[in-house]
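Peer 1: coordinates only, no sequence provided:
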């Protein structure tokens, strides 16, 4: 599973009843290397290759992948670059492309990220993505995890936002046979509509 224990702590005990569970901290998160350690630049393809190298190290040929939000982007990369390693996927809060409003937000963030504390940007985006009272727990978790990231890691991942559409581009061509369960809340107003359009064409 390309996820951290923090986000899945409520599910892990259930997963462990039927699966051998591996939780992975992506580059720039937790105890994983900082993004700036990648001398030739950091990409979502590199993040996906790190996951595959972890499977190689653990001698895992195939795995079921579960990811949320950022994790879904990396799983889509794996489906394109190493589909033979994927047995099935569960993708929650999937990001496949940005709406016009989302692109405008990215542009605003890009203009101010050089001189604005990154947590201000993170909190603003969290509020826009999860604005309602019943979103509070998810919003606070989202922000709490961001506090653990260094500014350089946040900015590195932020720069990848512009390549998100490429991470899904060839998924259906490269991995049409792999089961994919997409989960999105009805109040996911930023990403669910682009996802529905894609799934309706499948």
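Peer 2: Thanks, I have the structure now. The shown structure was predicted, so the numbers you read here are calculated from the model rather than taken from an experiment. Residues are numbered from 1 along each chain as shown.

Peer 1: how about the strands in this structure?
Peer 2: Applying DSSP state E to the chain gives strands spanning 63-68, 86-92, 180-183.

Peer 1: which of the ones you listed sits most buried?
Peer 2: strand 63-68 (a mean of 22; mean count of other C-beta atoms under 10 Å). Where you see a C-beta, it was placed from the backbone N, CA and C, and this is true even at glycine.

Peer 1: partner strands of that strand and their direction?
Peer 2: Strand 63-68 pairs in its sheet with strand 86-92 (parallel), by DSSP bridges.

Peer 1: so how far is the strand it pairs with from its chain's centroid?
Peer 2: Remark: strand 86-92 is offset 13 Å from the chain centroid, using C-alpha atoms, centre = their mean, to the nearest Å.

Peer 1: pLDDT on that strand, on average?
Peer 2: Average pLDDT, strand 86-92: 96.

Peer 1: looking at the strands of the chain, which is nearest to residue 119?
Peer 2: In terms of C-beta to C-beta, the element of these nearest to residue 119 is strand 63-68, at 20.4 Å.

Peer 1: who touches the closest one?
Peer 2: 1-3, 7-8, 15, 19, 22, 55, 74-75, 78, 85-93 (C-beta atoms under 8 Å, 6 or more residues apart in numbering).

Peer 1: right, and residue 132 touches residue 186 too?
Peer 2: No - with contacts counted by C-beta atoms under 8 Å, residue 132 stays clear of residue 186, the gap being 11.5 Å.
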